[in-house]
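Chemist: Here is my input; please provide its structure:
(chains A, B, C and D)
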Protein chains: 4
Amino acid sequence: MINLNIGMIGYGFMGRAHSNGYNRVNNFFDLEYRPVLKAVAARDKEKARQFADKWGYESVETDWRKLIERKDIDAVDICTPNNLHKEIALACAAAGKMILCEKPLSMNGPEGEEMVKAVEKAGVPNTVWYNYRKVPAVTLAKQLIDEGRLGKIFHYRANFLQDWTINADLPQGGAALWRLDAAAAGSGVTGDLLAHCIDTAIWLNGNINTVNATTETFVKERKHQLTGKVEKVGIDDASIFFCRFGNGSLGLFESTRYARGHKALYTFEINGEKASIKWDLHDLHRLEYFDYKDEGKLRAWRSIHVTDNGGEHPYMDHYWVPGLQIGYEHSFVNHVADFLESLAKGTPCPPTFRDALETQYVCDAVLDSAKANGMTREVKHA
Amino acid sequence: MINLNIGMIGYGFMGRAHSNGYNRVNNFFDLEYRPVLKAVAARDKEKARQFADKWGYESVETDWRKLIERKDIDAVDICTPNNLHKEIALACAAAGKMILCEKPLSMNGPEGEEMVKAVEKAGVPNTVWYNYRKVPAVTLAKQLIDEGRLGKIFHYRANFLQDWTINADLPQGGAALWRLDAAAAGSGVTGDLLAHCIDTAIWLNGNINTVNATTETFVKERKHQLTGKVEKVGIDDASIFFCRFGNGSLGLFESTRYARGHKALYTFEINGEKASIKWDLHDLHRLEYFDYKDEGKLRAWRSIHVTDNGGEHPYMDHYWVPGLQIGYEHSFVNHVADFLESLAKGTPCPPTFRDALETQYVCDAVLDSAKANGMTREVKHA
Amino acid sequence: MINLNIGMIGYGFMGRAHSNGYNRVNNFFDLEYRPVLKAVAARDKEKARQFADKWGYESVETDWRKLIERKDIDAVDICTPNNLHKEIALACAAAGKMILCEKPLSMNGPEGEEMVKAVEKAGVPNTVWYNYRKVPAVTLAKQLIDEGRLGKIFHYRANFLQDWTINADLPQGGAALWRLDAAAAGSGVTGDLLAHCIDTAIWLNGNINTVNATTETFVKERKHQLTGKVEKVGIDDASIFFCRFGNGSLGLFESTRYARGHKALYTFEINGEKASIKWDLHDLHRLEYFDYKDEGKLRAWRSIHVTDNGGEHPYMDHYWVPGLQIGYEHSFVNHVADFLESLAKGTPCPPTFRDALETQYVCDAVLDSAKANGMTREVKHA
Amino acid sequence: MINLNIGMIGYGFMGRAHSNGYNRVNNFFDLEYRPVLKAVAARDKEKARQFADKWGYESVETDWRKLIERKDIDAVDICTPNNLHKEIALACAAAGKMILCEKPLSMNGPEGEEMVKAVEKAGVPNTVWYNYRKVPAVTLAKQLIDEGRLGKIFHYRANFLQDWTINADLPQGGAALWRLDAAAAGSGVTGDLLAHCIDTAIWLNGNINTVNATTETFVKERKHQLTGKVEKVGIDDASIFFCRFGNGSLGLFESTRYARGHKALYTFEINGEKASIKWDLHDLHRLEYFDYKDEGKLRAWRSIHVTDNGGEHPYMDHYWVPGLQIGYEHSFVNHVADFLESLAKGTPCPPTFRDALETQYVCDAVLDSAKANGMTREVKHA
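Modeler: Numbering: from 1, shown residues only, chains lettered A, B, ... in the order given. Below you'll find the model as predicted:
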């Protein structure tokens, strides 16, 4: 077994999710590589130390540049706020490190282009943590589409609804709340939530050509945690767009953090000539499927419990027994497994930086259309 | 079109449901017969009059014997409390009237035997209002079983859960509450609710051979509305039994009026070697179906929305368009349609009195086993 | 009881649904008025006769003008294709007849304006059959909103998904398929399906100010039943728009007849600061409700089975007992009851022609924006 | 942090689940103890080695007695077939080792009594892996009951339905199929599945006093993997019983491996005077709750997504963020956490051997009643 030495930059929610993925992957998958948690980098040494102790990192760095310079690091995991992705990624590429970068790839398309150029020039393996692709039910959806079961696609719709920022007293910026700070996050729900929906959509349904969008910021001002002052909120609280895919289908996307009652309601539905598919993150081990070729009186939506380990359901033969569900975190375990298998085979591990750049371009077009009062915007392609 | 003159005895909840069935059947079904609401009989003339006005009965009688004697009555609908079914049915048979009798058939098996003998001797068409057989989704279940899709049956389970008598201040007896009075109802949930479950079960899965049962009366005393005194409650509040069907399958039945949160939760599930079926009265237009022969990765429970009018779903081509649900009351409309079609064809309209006697025997065995501390009781057959 | 003589023009699917409403309303509601089915008008005398026999109309007319001229007709029910609504309504108003007009009100806003002007000048009672308002669960949603339980509204989303025109061999025009013919229908799903969503939305959430829309026609040519020739399809097969309501909330609407697996999936969801609501026509007797003020660990979506006849659920005390569901058709019975009660009280019965004109203006703006490549369109107000 | 050296005996499905629990617990919980995977014992050295490599055990033993003798083992995890539990547990107690024993505790009550006596005499910490208690939604149910929210309990019902042994060609005995071999398993579904239901029931609803039961073996003979001969099947394929709890409520339990379509459908429902609760293992992160004190028109079943990390939902503040579900395996992580916390506090970790003996007595009574044709059997108490 080959050790793959991981260096993690950042230690927040995603740092935990990724670390869990590294720690567990070899318990469930037979792989040539074994991740070794070599070092974590964060400015606050004490917090970095605590994180390292908790998750088994061997050492800590307080300067991410140091971490990248270390000879004993093979792959760098970028878990910082979005505004640091580019700089770190470029440094990694220059140092010849593999990169696993948290999504969204970058603050915007142009930044993403630099990053793609850097990793492709350096030839370093790279992937972006659009982990929902790796949910077994979502991968099953991909298989069904690739097998042609849906036929010509007419409609794609997705939404990602949350409700955690309704309270106007919630501050922006700093530690856990950098997602509300435009300077750190780039955008609001567009880059945070819609980006997930867009990545899945492109994977399942192909490229998006044009968008018409609108965004809204319901709470206009919030106290900023870093400055201590009430400041204008620069992010979008809600983002909606409709679009045309390259295959002629119509798309409809919505995301918000103001949908009372929804914590993480990421759903998508695809309507094809022959069959349709639905999925919902709240019960992520299920896939809803309707097949028109079923016998008339029995034709119905099926609620597939994607937990069969007979080899029929993607990833699931690595876990427990049929009927026993896995959870959110396993999407990351699966993603690590895919990355390590790609490494062994010498193939890319989608979504690569280039794949993620395509999503970035859609986000840019969405934000641009919204600024232009909903006018149609062409999407650049990666 | 031939007029079929109906005489109704009783005017309560079931009187309304049946009357609605008579009034509507010709709007939806093409039939040789047309029910005409000729008369309603009830002791309270004023209430009978109001009921007649509401539902379109041409006349009223205050003595049910008078109604039976009338030459212009073809068929009598018995909607009284259970303790009057036998006497009225015998009088109807003697007068050569067709009978549509509310369920359960009788207070017990021996009464039922007299009734069966009487109608069969008189040769009068007869049916018992076990209306849930006539719900399209339930009839679809029957079709699937008859087509052999389930294969050998292993398990049958059903329950009928309500919560309307939890309040100990609710009185027993009289008007709307005769169902709590053993003298009028014969038994509690066994005859009222389990009888429905048993009728469906026998229809779908064949005869029951043995039962082991228990019953419970949670509220031991209630004020009686007729006497004004607090009296011992003679009915069963809850009734549970397991059983063996003639086909070797195991049955499990439960009924109660103390299941907080359930108003009319009648569900059944059948597990066969090849397929399984589930149904729930709360969403009666749906049938859940699992078919083992489905392709492995797509194998799942289907939620069939039984509303297709393309002729594929029983009864539904008589109503609206696919996707639009019908309600509880349509089971009675369908039952009337079946009765009128049977009349035109000269065939019996199941469940007949004899069919309902089989259910009565199971109820008797259940109550008997419960009295005997759960000991096995053989079920007599009709 | 006062007889209200009804004259029906047209006899299709909606003619049946309305007739059923007239026939049944007095069985369930105590009202001063009783609808009498006086006459039905249709060009095909034989078909009109069959319809009259089935539903109990006393007479038939082959010229709708004759029907309107009859002195014994109090109210006219317009059930024709959309392109005849205006002419008939103007004639009715001129003759002083009450009007119950099938939705959408008209082919477009300007037509609708004439109709509103006519009925208001004539002072005749008028209503438009946006029947989904009258579903008990939807009316309950209205009550909850009016009681202030949702607080400030952030989001409104609705869709109406069907799949019955996917087959490209389906012809357009004539009898049952006039909805595919732009000359008869005015538009496709915008006027047929989205109009329902818009009517409910305006009722629940107030006026819409601006829209950005797109439409699509997936099958470009279909054989026309009247000409026998393959002709260009003029209707929209799918229609999508986002919008701003007057109250500041964002709206998102989608409709299509190409969503495989959905027969009549009309759903809406409203997210307020304090609570959220969801509804789905496929199980129309349920309302989903989330209330933030619920205790933390028990906070959840509730699936309210809107069947309680204790007077708590709108309309339901007129039907059966708790737990027993009603169906699609009862929305029309309820609508008739509302109309008759309004008549008795001398008040308007919403949605009136003027209410429906507001919906028409939104439809116009949607179609207009779609033609203009999604550019923002202001909505005119009624 | 104190190391707790674990010795595992057995390496099957449960061996994996427990090992995963040990490996992950310190990532999520702040604890004084840290499990160290010291050794695994199994007769097949090669397989033991592979298992050890996969899960991180430091050493292997081929004789479980050797493992127990080792000074560097603090706690022994018994993951063998049921027929070895007693012997191993007695040896552990004699050696002063803590014990974590897979369920069911023993082959029968008398064996269990010996085991309880041994661990209590030795004073060693002990627990039995009835892991479903540790599912957050189930623990929430326990909290709600303990807070008195359900009031007087009327009904408890549970079932555990699977379908994996329908195929008559499946052999019995040996490796993965010892559960079909009465000599190794003691009983069939009664000890394997109903035992889970009974453990939860006793925890939530108190002791069971009497039972009436039946069992069935659908496939009477199967090839035995160890002998290679077709042999009589000694286990129960299905087991059903009704019972009386000490608190006066009625219980109803069913388990089978012949319920086509169900992989691991463990459900329970409790109906109290004031509220009711339902749960289903297939979507284990949800708890259904109905509260009668809710306002009338909003009274409904709630589907609580038990994923809130605000400290309101048991265990969940240790994992991800609200809305993100955990899976089956986390029940074991939570169980380990509870065990380690109990150790730190010096308190027992339920379910202890004595708790599990109570379940064993119910299983004995069930099997005994089934043999006696369903006659009532008193349940002995631990």
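
Chemist: From here on, just use CA atoms for contacts and neighbour counts.
Modeler: Fine.

Chemist: Please enumerate the helices of chain A.
Modeler: The residue ranges that make up the helices of chain A, judged by DSSP state H, are A:13-28, A:45-55, A:64-69, A:85-95, A:109-122, A:136-146, A:182-185, A:189, A:195-205, A:330-345, A:353-371.

Chemist: out of the ones you listed, nearest to B:E58?
Modeler: For the helices of chain A, the distance to B:E58 is smallest for helix A:136-146, at 61.8 Å, taking C-alpha to C-alpha.

Chemist: sorry, back to before: which of the helices of chain A sits closest to chain B?
Modeler: With distances scored as C-alpha to the nearest C-alpha, the stretch of these nearest to chain B is helix A:136-146 (8.5 Å).

Chemist: Count residues in the vicinity of A:A168, would you?
Modeler: Neighbourhood size, A:A168 [other C-alpha atoms under 10 Å in any protein chain shown]: 12.

Chemist: For it, list the residues it contacts.
Modeler: A:V219, A:R222 (C-alpha atoms under 8 Å, 6 or more residues apart in numbering or on different chains).

Chemist: what pLDDT does it get?
Modeler: The confidence metric pLDDT takes the value 93 at A:A168.

Chemist: Against C:R244, how distant is it?
Modeler: Separation of A:A168 from C:R244 (C-alpha to C-alpha, to the nearest Å) stands at 21 Å.

Chemist: and if you look at A:P125?
Modeler: Counting by C-alpha to C-alpha, the gap between A:P125 and C:R244 amounts to 45 Å.

Chemist: which of the two has more neighbours?
Modeler: Neighbours per residue (other C-alpha under 10 Å) separate A:P125 from C:R244, with A:P125 holding more: 23 against 20.

Chemist: The residue lying closest to that one once chain neighbours are set aside: how many residues sit nearby?
Modeler: When the adjacent residues along the chain are set aside, A:P125 lies closest to A:M98, with 5.0 Å between them (C-alpha to C-alpha, 6 or more residues apart in numbering or on different chains). Neighbouring residues of A:M98 were enumerated by other C-alpha under 10 Å; the total is 22.

Chemist: and A:M98, what is it in contact with?
Modeler: A:D74, A:A75, A:V76, A:C92, A:V124, A:P125, A:N126.

Chemist: Relative to A:T376, which of the residues you listed is nearest.
Modeler: For these, with A:T376 as the reference and C-alpha to C-alpha as the criterion, the closest is A:N126, at 32.5 Å.

Chemist: residue contacts, the nearest residue to the closest one once chain neighbours are set aside?
Modeler: The spatial neighbour of A:N126 that comes closest, neighbours along the chain excluded (C-alpha to C-alpha, 6+ apart), is A:I99 at 4.8 Å. Residues in contact with A:I99 (C-alpha under 8 Å, 6+ apart) are A:A75, A:V76, A:D77, A:I78, A:A89, A:C92, A:A93, A:V124, A:P125, A:N126, A:T127.

Chemist: what pLDDT does the nearest residue to the fourth one once chain neighbours are set aside get?
Modeler: The shortest distance from A:I78 to any residue other than its chain neighbours is 4.7 Å, reached at A:C101 (C-alpha to C-alpha, 6+ apart). Looking at A:C101, its pLDDT stands at 98.

Chemist: Isn't A:C101 up against A:N131?
Modeler: No: between A:C101 and A:N131 there is no contact under C-alpha atoms under 8 Å: 11.2 Å.

Chemist: more crowded one of the two?
Modeler: Set side by side, A:C101 and A:N131 give different neighbour counts by other C-alpha under 10 Å, the larger being at A:C101 (26 against 22).

Chemist: In the sheet, which residues pair with the more buried one? Tell me.
Modeler: With DSSP bridges as the criterion, the beta-bridge partners of A:C101 are A:I78, A:V128.

Chemist: roughly how far apart are it and B:V25?
Modeler: Using C-alpha to C-alpha, A:C101 is found at 67 Å from B:V25.

Chemist: Report the buried residues of stretch A:106-124.
Modeler: Of the residues in stretch A:106-124, those with enough neighbours to count as buried (16 or more other C-alpha atoms under 10 Å in any protein chain shown) are A:106-109, A:111-116, A:118-119, A:122, A:124.

Chemist: May I have it exported as CSV, CA atoms only?
Modeler: The C-alpha atoms that make up stretch A:106-124 are tabulated as CSV, following Å, rounded to 0.1, in the frame of the first residue of the first chain:
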residue,chain,number,x,y,z
SER,A,106,-12.8,30.3,-7.3
MET,A,107,-14.3,33.7,-6.8
ASN,A,108,-15.1,33.9,-10.5
GLY,A,109,-14.3,32.6,-13.9
PRO,A,110,-11.1,34.6,-14.6
GLU,A,111,-9.6,33.3,-11.3
GLY,A,112,-10.7,29.8,-12.2
GLU,A,113,-9.0,30.1,-15.6
GLU,A,114,-5.7,30.9,-14.0
MET,A,115,-6.1,27.9,-11.7
VAL,A,116,-7.0,25.5,-14.5
LYS,A,117,-4.1,26.7,-16.5
ALA,A,118,-1.7,26.3,-13.6
VAL,A,119,-2.7,22.7,-12.7
GLU,A,120,-2.8,21.6,-16.3
LYS,A,121,0.6,23.1,-17.0
ALA,A,122,2.0,21.5,-13.8
GLY,A,123,0.2,18.2,-14.6
VAL,A,124,-0.8,17.7,-11.1
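
Chemist: Nearest to A:E341 among the contacts of A:M98?
Modeler: Distance ranking of those against A:E341, using C-alpha to C-alpha, places A:P125 first at 11.8 Å.

Chemist: if we can go back for a sec, dump the contacts of A:I99 into TSV; add pLDDT as well.
Modeler: Shown next, in TSV, are the contacts of A:I99 (pLDDT from 0 to 100):
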residue	pLDDT
A:A75	98
A:V76	98
A:D77	98
A:I78	98
A:A89	98
A:C92	98
A:A93	98
A:V124	98
A:P125	98
A:N126	98
A:T127	98
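
Chemist: Give me the below-cutoff pLDDT ranges for chain A.
Modeler: Regions of chain A meeting the criterion pLDDT under 70 cover residues A:309.

Chemist: Tell me which residue is most central in it.
Modeler: Compute the mean C-alpha point of chain A, and by C-alpha atoms, centre = their mean the closest residue is A:Y130, 2.4 Å away.

Chemist: Quick one: residues contacting that one.
Modeler: A:E102, A:K103, A:H196, A:D199, A:P351.

Chemist: what's the residue nearest to the fourth one when sequence neighbours are not counted in contact with, if anything?
Modeler: In other words, A:D199. Using C-alpha to C-alpha, 6+ apart and skipping residues adjacent in sequence, the residue nearest A:D199 is A:T359, 5.7 Å away. With contacts taken as C-alpha under 8 Å, 6+ apart, A:T359 has the following neighbours: A:A195, A:I198, A:D199, A:I202.

Chemist: and the nearest residue to A:A213 once chain neighbours are set aside, bridged to which residues?
Modeler: Nearest in space to A:A213, with sequence neighbours left out and distances taken as C-alpha to C-alpha, 6+ apart, is A:F241 at 4.0 Å. When bridges are taken as DSSP bridges, the partners of A:F241 come out as A:A213, A:F253.

Chemist: How many residues are close by A:F241?
Modeler: Here the number of neighbours of A:F241 (other C-alpha under 10 Å) works out to 26.
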